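[1] 3D model of this:
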Amino acid sequence: MNKKITAAAIAAALSIGTIASVSTAHADRGHVRGVPSQVATVLVGLVANGTLTQAQADALTAALTAAAPAKPVFDKNRTAMEAVITSTLGITAADLQAARVAGKSLATLAGDKKAALITALVNFKTTEIDAAVTAGKLTAAQATKMKTGLTARVTAMVESVPGPKLGGMGKDGMGKGKKMHS
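    Numbers count the residues shown, from 1 in each chain. A predicted model of the protein is given here:
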């Protein structure tokens, strides 16, 4: 009975990306490296029916985690991005938040400073990408790929309007709200 309870707890932990307590896997807010929930569920089932030992399942989890490509989240530091926006536009964080909750795009807030805001945000994101290369989290090729189309993605973010109840800078910081022409 305890084995089944343990297996269920492991399945729940793995499916929400907190596999660090189960093995040497790495879970980070915003991205998960390692074992997809479907694989984790299969591993738990194999442990539960005795096909694999828990040690073998942990070894597989660790191997899959080590082999997973790094997927850094560059909007992890929303405060820094917010600071870029507020300093470029000359507004307070409270004003920014209130305007976003009211459904205003960054382009609307920026007015004639829209191009400067886009440039500042592209520079911010480029710096984050370069830092990930320096830290060994990305290869130069991955960084080049991420930088391709960056200005277009930032422009889309600046022009996007946050969806209902999202406020801030959109669901994922890249303006997934409805797009409104400004």
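[2] mind checking pLDDT for Ala107?
    If you check Ala107, the pLDDT there is 94.
[3] and it, how close does it get to Leu117?
    Computed as C-beta to C-beta, to the nearest Å, the Ala107 to Leu117 distance reads 8 Å. All C-beta atoms are positioned from the backbone trio N, CA, C, and that covers glycine.
[4] do the same with Ser105
    Applying C-beta to C-beta, the value for Ser105 to Leu117 is 11 Å.
[5] neighbour-wise, which of the two wins?
    Ser105 (24 against 21; other C-beta atoms under 10 Å).
[6] which secondary structure elements does the top helix by length along the chain sit against?
    Longest helix in the chain by number of residues (criterion: DSSP state H): helix 114-134. Helix 114-134 sits against helix 78-89, helix 106-110, helix 140-147, helix 150-159, with contacts defined as 3 or more C-beta pairs under 8 Å, 6 or more residues apart in numbering; DSSP states H and E.
[7] look at Ser5 and report its pLDDT.
    Not Ser; residue 5 is Ile. As predicted, Ile5 sits at a pLDDT of 51.
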